[in-house]
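Visitor: kindly return the folded structure for what I paste below:
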Amino acid sequence: MTEAPVPESITDFRLFDGKNSPQNIAVYGFGLGALFGASVILATTVHTPIPQFWLFLAALGAFHALEYIAIALFNPTKLKLDSFLLNHSPEYTTATVSGITEFLIEYFFFPQMKTWGLLNKIGLVLVIVGQLARTLAMFSAKSNFSHHVEYYKEDHHVLVTDGIYSLLRHPSYFGFYYWALGSQLMMMNPVCFIGFAVVLFRFFSERIQYEEQLLTRFFGQDYRNYKARTSTGIPLIK
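Guide: Sure, this is the predicted structure:
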């Protein structure tokens, strides 16, 4: 009696190998969902002196999960495990770790800085508004949205000017800008708040200028007209 062959899917069962495999998607999705759920519970139903820290972790979980979901729904041909944006760039990782580190250091040495008050609530509102704007941008643009700059106009590319794009010219950038600054205001991280503001302004001012050169090349006068009647919503970047 011959032994039944072992299914290839079992022998190739690998995790964290960078491939967009079902097991990796499941583990990443479960991890982000668990982070979001546990953090919301700790922030809202458990007596904690630092709800803002748990709300920040919940915001992180929601942000990365929604990034993947949007690409999976509307741009599946470009879907990768990197669409979670967990390892987006060394700069992003450094910024996230810096925010957490600053909060913990200041909470240990200056706990009076980390009480929950009006500024924390304003920061939370900015996080929510930023996330909603970015998610609406991805859902409005559909297959036209990409995590990377598109250097060539593809056949399916159209100039999106409806929905949130009728109000903001780069709503995904607007969303991330206020999400990031709001997260640091919510955690009352003065050093990271200032650092984020400087770095994000420099990055988006250069990125938007470059992208708009490409978009003008793609869509010509239509984009010039669209640009003239809309704003980025980011201070000092028209």
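
Visitor: only C-alpha atoms from now on, for both contacts and neighbour counts.
Guide: OK.

Visitor: please enumerate the strands of the chain.
Guide: Counting by DSSP state E, the chain has no strands to list.

Visitor: center of it - which residue?
Guide: Phe63 (4.8 Å; Cα atoms, centre = their mean).

Visitor: for Leu35, see how far away that residue is.
Guide: 11 Å (Cα to Cα, to the nearest Å).

Visitor: mind listing what the closest residue to Leu124 other than its chain neighbours touches?
Guide: Closest residue to Leu124 apart from its sequence neighbours, by Cα to Cα, 6 or more residues apart in numbering: Met186 at 5.6 Å. Met186 makes contact with 52, 56, 119-124, according to Cα atoms under 8 Å, 6 or more residues apart in numbering.

Visitor: and for Lys238?
Guide: 231-232.

Visitor: do Gly61 as well
Guide: Neighbouring residues of Gly61 by Cα under 8 Å, 6+ apart: 32-33, 35-36.

Visitor: let's have those residues in JSON lines, adding pLDDT and neighbour count.
Guide: Listed next are those as JSON lines, based on pLDDT from 0 to 100; neighbours: other Cα atoms under 10 Å:
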{"residue": "Leu32", "pLDDT": "98", "neighbour count": "21"}
{"residue": "Gly33", "pLDDT": "98", "neighbour count": "17"}
{"residue": "Leu35", "pLDDT": "98", "neighbour count": "18"}
{"residue": "Phe36", "pLDDT": "98", "neighbour count": "22"}
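
Visitor: buried set for the longest helix belonging to the chain?
Guide: Using DSSP state H, we find that the single longest helix of the chain is helix 190-219. In terms of neighbour count (16 or more other Cα atoms under 10 Å), helix 190-219 has its buried residues at 192-193, 196, 200-201, 204-205, 208, 212, 214-215, 218.

Visitor: stretch 181-191 too?
Guide: In stretch 181-191, counting by 16+ other Cα under 10 Å, buried: 181-189.

Visitor: stretch 80-96 too?
Guide: For stretch 80-96, the neighbour count (16+ other Cα under 10 Å) marks 80-81, 83-86, 95 as buried.

Visitor: distance between the ends of stretch 71-90?
Guide: One end of stretch 71-90 to the other measures 22 Å (Cα to Cα).

Visitor: contact partners of that stretch?
Guide: 18-21, 24-25, 64-68, 93, 139, 142-147.

Visitor: so of those residues, which ones are in helices?
Guide: 24-25, 64-68, 93, 139.

Visitor: quick one on the thing from earlier: just the buried ones from the contacts of stretch 71-90, in PyMOL syntax?
Guide: Typed into PyMOL, the line below selects the buried ones among the contacts of stretch 71-90, using 16+ other Cα under 10 Å:
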select buried, resi 24+25+64+65+66+67+68+139+142+143+144+145+146
